[in-house]
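A.B. asks: sequence and predicted structure are below.
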Amino acid sequence: MHHLLPLLVAVPLLGAALLAAGGRLVPRFVAQSTACAVAAGTAALAVLLLTHSSPPLTEWVGGWEPVAGHSVGIALTGDGPGLGMAALVSVLTLAALAYAWRSFDEPPHGHAGAFPALVLVFQAGMCGFATAGDLFNAFVWFELMSVVAYALTGHRVEEARAVQGALAFAVVNSLGAYALLMGIALLYARTGELALTEIGGALDAHGPPDALVLAGFVLVLTGLLVKAAAVPFQFWLPDAHAVAPTPVCMLLSGVMVELGVFGVWRVYDTVFSGPGGLPAADLARVLTVLGALTAALGAVMCWHQRHIKRLLAYSTIAHTGLFLLGIGTLTPEGDDGVALYVVGHAGVKAALFACVGILLDRYGSVDEHVLHGRARPLRSVGVMVVAGALGLAGLPPFGTALGKSVAEEAVGGPLTALYVLASAVTAAAVLRVAARVFLGLGPTPEDAGGASGADAYETTGSGEEPETRQRLSRVPDTMTAVPALLLAGALAAGAVPAFGNAVARAMSEATTAGLVHTSVHWTPVGVGLGLQSTALAVALASVAVARPGLLAVPDRTLPLRRLQSGHIGDYVAWLLLGTAVLGALALPGILSG
């Protein structure tokens, strides 16, 4: 089966090449159908390989196997976590392409295969990153998916805002990629190896870590945390989500950001977890501090948005912080909880973005105030938004709730309260939107007619254009079926006991060669915390709707808003500061060694 691993990348790349070459010669229906078939075939292949991933599969592309312990070939690793991420990527790619079938229009007289071809290349890059067995090729796949993500974000090139958001995305993530490449160069200089396991073994043989190992670790971690949108590297994410087409937002928040978190886990587990790497206490300190800051800032900023796409983007940032906290426990239980949390979150967040896309194409706005009461006819969409909000809150039996409960118990202590608060606040923000937009509850906002001024778009979404040539008078069935199926999948991830156990088994076999198996199941404490965060979310949303001034903070008095300046120079400065902070947090263990 290991010989099939390269097809996870080759199939979507060949499909993209076919669409790029023949997209002008076929109608859109044929192009979209082909893209969906390719994405579905890749998803089926990933699932097939996942069922044969014990023991993990390894493929040296082109037959370039190691000689005398040294390798120059490209290694692909097919273990449970990597193939699980590849399957999740492919399923969400299929969902995004199916959603785009009727919701996203190409420019007049345009290339029918251009958008689906870019999406398939994006899928190939993400699958390659998930299965990369050596650090340099992980960087190559990292860059492939990043470059395509920039193009997809700025796909509506006729709009200056789209170009600006894509440019900020590109500059910040390119700097993160440079940091990652420099870290790889330092590690190669020390070990002469690029394969992940070989680097780890060479570092362990070299002895205790020193300043060079620390520098390599910090640079590699910087590149991955930029992609994960962790504080203080997160500024690109809201700007990109605000302008990216809805199907692209589904992929950015659903799987691309999570791949950054996956990369942090993968690199530490295989490279830096031994005696020659970073002490466990140092990584725990790094991830705990950054995770707590990311969860707290993301939740606060999510609450204070009325631009609904930005609101969901900050929700993604908050949950990234919770993922990092879970990984920071450095325990099998924490890893299992985060893995299941990521699966549930992908379905819920992609579904919520799909619902926001319906609002945009139907009413031409993503401003919570402008849309007040206008979406009453869209009852089914409103139900899905409420369901997605409850999934974010951690209401059992959603997969997000089960993953959150396992991670919460692994983290323990005061940080459990942060899990409850962050999930409750982000869910409350979405529930508030649902109550105002779909039910018309609460007083009509004074500026419901739209805001004006230089900052109107950034804060409210005023001036947003539909992604279809004309506003939809009727929502196509595909646009409602996709989020409904995604929410059903997120629900099944927590409701089907065998799924959680399969995730735990795949994680344990990848990290401990099958010697340790953990069990993922509902506990009274986990259910209680899920119900508590859900109740808190409902209470906060009720207060916000009934008494909007009580929990509101004026824009000018919220300093955190000013940090999201939109200036690339500011974002670069924060990236450099974040790299220095990472080094400072990891330094004590090196000095003591």
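C.D. replies: Looks like it arrived, so ask away.

A.B. asks: what about the helix or strand harbouring residue 311, average pLDDT?
C.D. replies: Assigned by DSSP states H and E, residue 311 belongs to helix 308-327. In this model, helix 308-327 carries a mean pLDDT of 95.

A.B. asks: please enumerate the strands of the stretch 51-200 of the chain.
C.D. replies: Counting by DSSP state E, counting those that start in this stretch, the stretch 51-200 of the chain has strands at residues 57-61, 74-78.

A.B. asks: output the lowest mean pLDDT helix or strand found in this protein.
C.D. replies: Every helix and strand of the chain was ranked by mean pLDDT, DSSP states H and E. The lowest is helix 456-460, at a mean of 49.

A.B. asks: the stretch 51-200 of the chain: helices as residue ranges?
C.D. replies: Under the criterion DSSP state H, counting those that start in this stretch, the stretch 51-200 of the chain contains helices at 80-103, 114-131, 135-153, 160-191, 196-206.

A.B. asks: nearest to residue 224, of the ones you listed?
C.D. replies: Proximity to residue 224 (CB to CB) singles out helix 160-191 among the helices of the stretch 51-200 of the chain, at 6.9 Å. For glycine as for every other residue, the C-beta is placed from the backbone atoms N, C-alpha and C.

A.B. asks: buried stuff in that closest one?
C.D. replies: By neighbour count with 16 or more other CB atoms under 10 Å, helix 160-191 contains the buried residues 161-162, 164-173, 175-177, 179-184, 186-188, 190-191.

A.B. asks: other SSEs contacting it?
C.D. replies: Applying 3 or more CB pairs under 8 Å, 6 or more residues apart in numbering; DSSP states H and E, one finds that helix 160-191 contacts helix 135-153, helix 196-206, helix 211-228, helix 236-243, helix 568-592.

A.B. asks: which helix or strand lies directly C-terminal to the least confident helix or strand of the chain?
C.D. replies: helix 477-495.

A.B. asks: quick check: mean pLDDT across whatever helix or strand comes next after that following helix?
C.D. replies: Next along the chain after helix 477-495, taking DSSP H and E as the criterion, comes helix 497-512. The average pLDDT within helix 497-512 is 79.

A.B. asks: export the helix or strand hosting residue 531 as PDB, just CAs?
C.D. replies: Residue 531 belongs to helix 524-546 when assigned by DSSP H and E. Output in PDB follows, covering the C-alpha atoms of helix 524-546 (Å, rounded to 0.1, in the frame of the first residue of the first chain):
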ATOM      1  CA  PRO A 524     -19.200  13.400  33.600                       C
ATOM      2  CA  VAL A 525     -16.700  16.200  34.000                       C
ATOM      3  CA  GLY A 526     -16.400  16.600  30.300                       C
ATOM      4  CA  VAL A 527     -20.100  16.700  29.700                       C
ATOM      5  CA  GLY A 528     -20.500  19.100  32.600                       C
ATOM      6  CA  LEU A 529     -17.900  21.500  31.200                       C
ATOM      7  CA  GLY A 530     -19.500  21.300  27.800                       C
ATOM      8  CA  LEU A 531     -22.900  22.100  29.200                       C
ATOM      9  CA  GLN A 532     -21.400  24.900  31.300                       C
ATOM     10  CA  SER A 533     -19.700  26.600  28.300                       C
ATOM     11  CA  THR A 534     -23.000  26.200  26.300                       C
ATOM     12  CA  ALA A 535     -25.100  27.800  29.000                       C
ATOM     13  CA  LEU A 536     -22.600  30.700  29.400                       C
ATOM     14  CA  ALA A 537     -22.700  31.200  25.600                       C
ATOM     15  CA  VAL A 538     -26.500  31.400  25.600                       C
ATOM     16  CA  ALA A 539     -26.400  33.800  28.600                       C
ATOM     17  CA  LEU A 540     -23.900  36.100  27.000                       C
ATOM     18  CA  ALA A 541     -25.700  36.200  23.700                       C
ATOM     19  CA  SER A 542     -29.100  36.900  25.400                       C
ATOM     20  CA  VAL A 543     -27.600  39.800  27.300                       C
ATOM     21  CA  ALA A 544     -25.900  41.200  24.100                       C
ATOM     22  CA  VAL A 545     -29.200  41.000  22.200                       C
ATOM     23  CA  ALA A 546     -31.500  42.400  24.900                       C
END
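
A.B. asks: show me what contacts the spatially closest residue to residue 178 that is not a sequence neighbour?
C.D. replies: Once flanking residues are discounted, residue 178 sits nearest to residue 223: 7.9 Å by CB to CB, 6 or more residues apart in numbering. Contact analysis of residue 223 by CB atoms under 8 Å, 6 or more residues apart in numbering lists 139, 142, 176-181, 183.

A.B. asks: pipe these into JSON lines and attach pLDDT and distance to residue 53 per row.
C.D. replies: Listed next are the contacts of residue 223 as JSON lines, based on pLDDT from 0 to 100; distance: CB to CB, whole Å:
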{"residue": "139", "pLDDT": "93", "distance to residue 53": "24"}
{"residue": "142", "pLDDT": "90", "distance to residue 53": "22"}
{"residue": "176", "pLDDT": "93", "distance to residue 53": "29"}
{"residue": "177", "pLDDT": "93", "distance to residue 53": "29"}
{"residue": "178", "pLDDT": "93", "distance to residue 53": "33"}
{"residue": "179", "pLDDT": "94", "distance to residue 53": "31"}
{"residue": "180", "pLDDT": "94", "distance to residue 53": "26"}
{"residue": "181", "pLDDT": "94", "distance to residue 53": "29"}
{"residue": "183", "pLDDT": "94", "distance to residue 53": "28"}
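
A.B. asks: just curious, which of these is nearest to residue 247?
C.D. replies: Among those, residue 142 lies closest to residue 247 (CB to CB), at 21.4 Å.

A.B. asks: my guess is the closest one contacts residue 181. True?
C.D. replies: No: assessed by CB atoms under 8 Å, residue 142 is found out of contact with residue 181, at 9.4 Å.

A.B. asks: which of the strands of the stretch 51-200 of the chain sits most buried?
C.D. replies: strand 74-78 (a mean of 23; mean count of other CB atoms under 10 Å).

A.B. asks: chain center to that one: distance?
C.D. replies: Using CA atoms, centre = their mean, to the nearest Å, the mean C-alpha position of strand 74-78 is found 23 Å from that of the whole chain.

A.B. asks: now the stretch 51-200 of the chain, which segments are flagged as low pLDDT?
C.D. replies: Confidence mapping of the stretch 51-200 of the chain against pLDDT under 70 gives the ranges 68-72, 103-111.

A.B. asks: what packs against the host helix or strand of residue 560?
C.D. replies: In the assignment (DSSP H and E), residue 560 maps to helix 559-563. Judged by 3+ CB pairs under 8 Å, 6+ apart, helix 559-563 is in contact with helix 280-303.

A.B. asks: just the C-alphas of the helix it packs on, formatted as PDB.
C.D. replies: Provided in PDB are the C-alpha atoms of helix 280-303 (Å, rounded to 0.1, in the frame of the first residue of the first chain):
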ATOM      1  CA  ALA A 280       9.700  19.000  27.400                       C
ATOM      2  CA  ALA A 281       9.300  21.700  30.000                       C
ATOM      3  CA  ASP A 282      10.500  24.400  27.600                       C
ATOM      4  CA  LEU A 283       8.000  23.400  24.900                       C
ATOM      5  CA  ALA A 284       5.200  23.100  27.400                       C
ATOM      6  CA  ARG A 285       6.000  26.700  28.600                       C
ATOM      7  CA  VAL A 286       6.100  28.000  25.000                       C
ATOM      8  CA  LEU A 287       2.900  26.400  23.900                       C
ATOM      9  CA  THR A 288       1.100  27.200  27.100                       C
ATOM     10  CA  VAL A 289       1.900  30.900  27.000                       C
ATOM     11  CA  LEU A 290       1.200  31.300  23.300                       C
ATOM     12  CA  GLY A 291      -1.900  29.200  23.500                       C
ATOM     13  CA  ALA A 292      -3.400  31.100  26.400                       C
ATOM     14  CA  LEU A 293      -2.700  34.500  24.700                       C
ATOM     15  CA  THR A 294      -4.100  33.300  21.400                       C
ATOM     16  CA  ALA A 295      -7.300  31.900  22.900                       C
ATOM     17  CA  ALA A 296      -7.900  35.000  25.100                       C
ATOM     18  CA  LEU A 297      -7.200  37.600  22.400                       C
ATOM     19  CA  GLY A 298      -9.100  35.600  19.700                       C
ATOM     20  CA  ALA A 299     -12.100  35.300  21.900                       C
ATOM     21  CA  VAL A 300     -12.100  39.000  22.900                       C
ATOM     22  CA  MET A 301     -11.700  40.200  19.300                       C
ATOM     23  CA  CYS A 302     -14.300  37.700  18.100                       C
ATOM     24  CA  TRP A 303     -16.900  39.200  20.500                       C
END
